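**Student:** return a 3D structure for these sequence lines:
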Amino acid sequence: MSACVSIAIETSCRRGGVALGVGEELLEAADFQADRRHAVQLVARMDELLRRHNLAPGDLDHVYVSAGPGSFTGLRVGLTVARTLTLALPTLKAVAVPTVRVVVENAAPLPGDRFAVIMDAKDETVYAAPFTRAAGRFLPAAPPELVTVRQFLAQTPRPVTLLGEGLGYHDLAGEGVTIAAESLWLPTAAAIWGVGRRLAAEGRFTPRAVLTPLYLRQPEAVRLWEQRHGQAHDTPDGPA
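**Tutor:** Now for the predicted structure:
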C-alpha cells in the first residue's frame, strides 16, 4: 500500500481508544471504557481494527500516541505499546502528541477565539494550557503552567472558553468564562490521529529514546520519598 498507514493510541484518560488512517483519510476510530485496564483493552482493540481493514502491524508507517499529561498508568501503557511497535518495526515512525493539543481540538465547533485546557493537578492547583484560534487553527497562547485556581482566574484574559477533565474537580466559573459541554472535555483517538497526522506532515517525529510520558508532576510516591529525604519537589508554581 503506497499511502501512509497510521494508527493513533489514546490512553491518557479513563476513555481509551485507537484510530486508523490511510493517507489523509481517517478510516475508523474505536473508543473503549478502560479505566485501569488499558493494557488489556489496547492491544486487542488495535488487532481488531487492523484486521477489519485487512491490515497487519507490519503495514503501519506511523504511530501517533497521546503523551500526556494524563493518567500515570495509562500513559505508560500507551507509550510502551508505541515503543514496542517501533522496536519490532524499524521503519515505523512515531509522534508523541501532547494531550492538551488534542483536547482543544474539541472546541472546533464552538464560537470564540480564546480557549484554555484545564487539567487537575491536585492540592487546589490546575494545569492550564491557553490557546488562541487563528485561521481555523488552535495555537498556544502561552506555555502551559501549574497554577492555583485563584491565580488562573486572576491572570486569564476574557472572554475564554474552558475545556478539560480538570473542570470536574474545580470551580472555575466567573465573568467572561464559558465552560464547554462535558462531552468535549476528554481527548479522543480520532483527535490524536488528526493532530498526529499534522505533526507528522511537519516532520515532527519523536525518537524512540524520548518517547516518554509528559507528567504534570512526579508520582506521589516519588514526591513523598523526596520530601522525607529533603529533596526538591513540584510546587503550585511549577517544578522547584
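**Student:** centre-most residue in this protein?
**Tutor:** To find the centre residue of the chain, average its C-alpha atoms and take the closest one (CA atoms, centre = their mean): that gives Thr99, at 1.7 Å.
**Student:** where's the nearest residue to that residue once chain neighbours are set aside relative to Cys4, distance?
**Tutor:** Take Thr99 and drop its neighbours on the chain: the residue closest to it by CB to CB, 6 or more residues apart in numbering is Ser12, 4.8 Å away. C-beta coordinates here come from the backbone N, C-alpha and C atoms, glycine included. Counting by CB to CB, to the nearest Å, the separation of Ser12 from Cys4 is 24 Å.
**Student:** of these two, give the one with the bigger neighbour count.
**Tutor:** Using other CB atoms under 10 Å as the criterion, Ser12 and Cys4 rank with Ser12 on top: 32 against 16.
**Student:** contacts only, for that one.
**Tutor:** Applying CB atoms under 8 Å, 6 or more residues apart in numbering to Ser12 gives the contacts Ser66, Ala67, Gly68, Pro69, Gly70, Ser71, Gly74, Leu75, Gly78, Thr99, Pro187.
**Student:** turn those residues into JSON lines, including distance to Ala107.
**Tutor:** Listed next are the contacts of Ser12 as JSON lines, based on distance: CB to CB, whole Å:
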{"residue": "Ser66", "distance to Ala107": "18"}
{"residue": "Ala67", "distance to Ala107": "20"}
{"residue": "Gly68", "distance to Ala107": "20"}
{"residue": "Pro69", "distance to Ala107": "18"}
{"residue": "Gly70", "distance to Ala107": "18"}
{"residue": "Ser71", "distance to Ala107": "22"}
{"residue": "Gly74", "distance to Ala107": "23"}
{"residue": "Leu75", "distance to Ala107": "23"}
{"residue": "Gly78", "distance to Ala107": "23"}
{"residue": "Thr99", "distance to Ala107": "14"}
{"residue": "Pro187", "distance to Ala107": "12"}
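**Student:** got a winner among those for most neighbours?
**Tutor:** Ser66 (35 neighbours).
**Student:** what helices or strands is the host helix or strand of that one leaning on?
**Tutor:** According to DSSP states H and E, Ser66 maps onto strand 62-68. Contact analysis of strand 62-68 by 3 or more CB pairs under 8 Å, 6 or more residues apart in numbering; DSSP states H and E lists strand 5-10, helix 72-88, strand 93-98, helix 99-104, helix 189-201 as its packing neighbours.
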